Each structure stands twice: as C-alpha cells, then as structure tokens.
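A.B. asks: Build me a model from this:
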Amino acid sequence: QPTVVEKGSTKLELNKGNYHPYDRVEMIITSPEGNVDIFRSDVIFISTKRQSSAVGITSYKLVETGVNTSIFTGYIDLQGNSGKDGGVGPKDGTMKIDVGDSLIISYAAVTATIPIEYHVGKIFWDKGRYVAGEKAKLHLIDPDIGKDADISELAHVQLLIGNAKVQADLKENDVNSGVFEGEILFVDISKPA
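C.D. replies: Now for the predicted structure:
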C-alpha cells in the first residue's frame, strides 16, 4: 500500500507503506505553492533522514513533471547499513538505513515516517503434482531480495527433491517487482538412460 500524507493543498505520496533496506523510495509531491513559474518546470527541495540519528539528506531536489503541473517527482535508493547518504536529486539520491529504523521525509508542513523492515518471502509451485518429463514453475515473492531497482535480478534457491539437492535460479519477472519465477524439469532417474 502506498503512503499518502496531506496537509492543506500539499500532498506527499510514496510508492509503499514500508520499505526494506535496499528499496527504491519513489516520491510524488503535489504542491501548488511550489509552482512559482507558470512558464517552466520548477523544483522543490525535501529533507530525508533516519529516525535513529536524525541524519540524511537535508536538501534533495524534486522536479516538476511539466510546465505548471504542481506535481514534483524523484526517488532515493536505500543502500542498507553499508551505504552512504548523498545525491542532489531527483534520481541520484542514496541513503544508508537498516532494518528497525524509519525513514522520515519532509516537505513544507508535510512529513511521512515509514518503517524499514524485512518481509516474509513466499515460495510456491504452480501446481501440486508433477510427472516425469514435466516442467514445473516455481514462484518466489520476496521484495527484500532485490538490491538494484534498475534491473531484473536472479534469486538462487536450493531445493531438496527426494535425496537430491537441486539449485534453481529464478529470474525477477519485472524490474524491482520482488516476484521471481523459474522452471524445473522433473526427470525419472530410476530408469537407465
């Protein structure tokens, strides 16, 4: 669920209600007061910080989506506890943050506080039974696995089938979706080839 905070004519929208430490925080701010030049796209500046240390990026630029729209956008990539704070905006921001902390984003009189947490992953097959020679589809939903919001990534899973361990690589079905899929061919190893 997205986060939406409104005060007066200003609205702050974030793409999620909580984030993991390697997520992308996409921001949309609607601010008629930020639209000062009706003949060109304007910029506004937001503040981002960690709740634990009150440190972050003090002046991060968001850019109006067009002339006279009053809608400003940008994003920041979270980098876990080994990351760094930096960027000027609207698409180069990075922040160090870890599980258990919260991200605070402020613009004018609008502030959103969003928790940083891990999500419980789900893994499942596309059906309950398979026969030898059949390809099975394996699905994994876990938004925490992705560490790069610009590419479809791979998730490596290890399966125990009978007494055999099988490695499967599942590919993210879309950039930054957290949904991974792959196929596994079941063969009958009891019969000689």
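
A.B. asks: Check the residue positioned nearest the centre of the chain and give its pLDDT.
C.D. replies: Geometric centre of the chain, nearest residue: residue 23, 3.6 Å, by CA atoms, centre = their mean. The per-residue pLDDT reported for residue 23 equals 92.

A.B. asks: start at 431 instead
C.D. replies: Sure, I'll start counting at 431 from here, so that last one is residue 453.

A.B. asks: OK, contacts around it?
C.D. replies: Each residue near residue 453 by CB atoms under 8 Å, 6 or more residues apart in numbering is listed here: 446, 507-508, 573, 576, 579. All C-beta atoms are positioned from the backbone trio N, CA, C, and that covers glycine.

A.B. asks: 7 Å - rerun?
C.D. replies: residue 508 (CB atoms under 7 Å, 6 or more residues apart in numbering).

A.B. asks: Now do it against residue 542, distance only.
C.D. replies: Distance of residue 453 to residue 542, computed by CB to CB, to the nearest Å: 14 Å.

A.B. asks: cool, residue 562 as well?
C.D. replies: 53 Å.

A.B. asks: neighbour-wise, which of those two wins?
C.D. replies: Counted by other CB atoms under 10 Å, residue 562 and residue 542 do not tie: residue 542 has more neighbours, with 19 against 11.

A.B. asks: where's the more buried one, which helix or strand?
C.D. replies: Assigned by DSSP states H and E, residue 542 belongs to strand 540-545.

A.B. asks: Correct me if wrong: residue 471 contacts residue 497.
C.D. replies: Yes - in this structure residue 471 lies within contact range of residue 497 using CB atoms under 7 Å: 6.0 Å.

A.B. asks: Who are the contact partners of the nearest residue to residue 472 once chain neighbours are set aside?
C.D. replies: With CB to CB, 6 or more residues apart in numbering as the criterion, residue 472 has its nearest non-adjacent residue at 4.7 Å, and that residue is residue 494. Taking CB under 7 Å, 6+ apart, we find residue 494 in contact with 465, 471-472, 501-502.

A.B. asks: Check residue 616 too.
C.D. replies: If you count contacts by CB under 7 Å, 6+ apart, then residue 616 has 560, 562-564, 566 around it.
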